[in-house]
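Here's my sequence, what's the structure:
(2 chains)
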2 protein chains.
Amino acid sequence: MENIFTDEYFMKKALLEAEIAFEKGEIPVGAVIVVDNKIIARTHNLTELLHDVTAHAEMQAITSAANYLGAKYLKDCTLYVTLEPCQMCAGALYWSQISKIVYGASDENRGFVKMRTQLHPKTAIVSGVLEKECALLMRAFFRLKR
Amino acid sequence: MENIFTDEYFMKKALLEAEIAFEKGEIPVGAVIVVDNKIIARTHNLTELLHDVTAHAEMQAITSAANYLGAKYLKDCTLYVTLEPCQMCAGALYWSQISKIVYGASDENRGFVKMRTQLHPKTAIVSGVLEKECALLMRAFFRLKR
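Numbers count the residues shown, from 1 in each chain, chains lettered A, B, ... in the order given. All right, here's what the predicted structure looks like:
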């Protein structure tokens, strides 16, 4: 049987979350956290609505997944996020010891790669999954805002 | 009239929060955020109780102060925190554009200085305020845990 649970499959779920953010007037970033092919957190950026800079999709996803698991370390979990995490989110992911991070579009200005934020040695990174779709949504948003 | 509202005055309030964390079995870090000599957020580390790596004192203080102000940028605010912020917290403080950060003890392993986390150019930094008291509380905690 073919495996439908690919990185693209889950990134599409994160993109659906990003689209909800877009519709709310938020910078369109969405995330899901997956364990054993099951989505245990679905979140999108809410910094404007909550007027809270800590309300990035990833931060909410970490809290939500930890609540679900009843544990602070996100062992065997994968985060799918449409945009490369920033310093804050990468710093939180460091503490979570999450097993894998998959992101779509790169953030060449404020992403963790440029900022050299340290991730946990236990964490594998995959980038560029549905990159075009993720980046398109961001560009469409900023075009509207200008 | 003498000004009682010194950095030491507010760091003592942050230390009181750190002591509450200690009593709860949490790594003893406390924080307050001050605007116009008024404390608008008082928080302490709750990562164990909430089993949530994002529940550092500073993260909660940022959210709490933003709620109080009804605004996501912490203009004219000062954060007092007993321990040097980590990557995650420094990354959140970057987004908040907070005016000033005052910390007590340094964290030479995981603090933002060692990790080279970027703060906002608008943010002034003061370190070493009540450093001995802040560091003593941390040492006492880890001695108990061993």
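
Quickly check: the host helix or strand of A:A31 near chain B or not.
Element membership of A:A31, judged by DSSP states H and E, is strand A:30-35. No. Strand A:30-35 stays clear of chain B (C-beta under 8 Å from any C-beta of the partner chain), getting no nearer than 13.1 Å. From N, CA and C alone the C-beta is placed, and that goes for glycine too.

Touching that strand from outside, list them.
Applying C-beta atoms under 8 Å, 6 or more residues apart in numbering or on different chains, the external contacts of strand A:30-35 come out as A:10, A:13-21, A:39-45, A:57-58, A:60-62, A:64-65, A:69, A:74, A:76-82, A:98.

Just the ones of the residues you listed in strands?
With DSSP state E as the criterion, strands contain A:I39, A:I40, A:A41, A:R42, A:T43, A:H44, A:C77, A:T78, A:L79, A:Y80, A:V81, A:T82 from among the contacts of strand A:30-35.

can you pick the most crowded of these?
A:T82 (31 neighbours; other C-beta atoms under 10 Å in any protein chain shown).

show me the contacts for that one.
Here A:T82 is in contact with A:11, A:14-15, A:17-18, A:28-31, A:57, A:103-105, A:130, A:134, A:137 (C-beta under 8 Å, 6+ apart).

Get me the contact residues on chain A for chain B.
Residues of chain A found near chain B (C-beta under 8 Å from any C-beta) are A:47-48, A:50-54, A:59, A:62-63, A:66-67, A:70-73, A:86-92, A:94-96, A:115-118.

try it again with 6 Å
Residues of chain A lying close to chain B by C-beta under 6 Å from any C-beta of the partner chain are A:51-54, A:59, A:62-63, A:66, A:71-72, A:87-88, A:91-92, A:95-96, A:115, A:117-118.

Which ChimeraX command selects the buried ones in these?
Only the buried entries of the residues of chain A next to chain B go into this ChimeraX selection, using 16 or more other C-beta atoms under 10 Å in any protein chain shown:
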select /A:51,52,53,54,59,62,63,66,72,87,88,91,92,95,96,115,117,118
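
Show me the shaky parts of chain A.
A:1 (pLDDT under 70).

longest helix of it?
Longest among the helix segments of chain A by residue count, using DSSP state H, is helix A:7-23.

What is that helix packed up against?
strand A:30-35, strand A:38-44, strand A:77-83, helix A:131-145 (3 or more C-beta pairs under 6 Å, 6 or more residues apart in numbering or on different chains; DSSP states H and E).

Off-centre distance for it?
On the basis of C-alpha atoms, centre = their mean, to the nearest Å, helix A:7-23 sits 9 Å off its chain's mean C-alpha point.

burial count for A:K132?
Neighbourhood size, A:K132 [other C-beta under 10 Å]: 10.

Please report how far it lies from B:T47.
For A:K132, the distance to B:T47 equals 38 Å [C-beta to C-beta, to the nearest Å].

could you list every residue that touches the closest residue to A:G30 other than its chain neighbours?
Spatial nearest neighbour of A:G30, chain neighbours left out: A:E17 (2.7 Å); criterion: C-beta to C-beta, 6 or more residues apart in numbering or on different chains. A:E17 is in contact with A:G30, A:R42, A:H44, counting by C-beta atoms under 6 Å, 6 or more residues apart in numbering or on different chains.

who's in contact with the second one?
To tie it back to what came earlier, the one meant is A:R42. Contacts of A:R42 by C-beta under 6 Å, 6+ apart are A:E17, A:V32.
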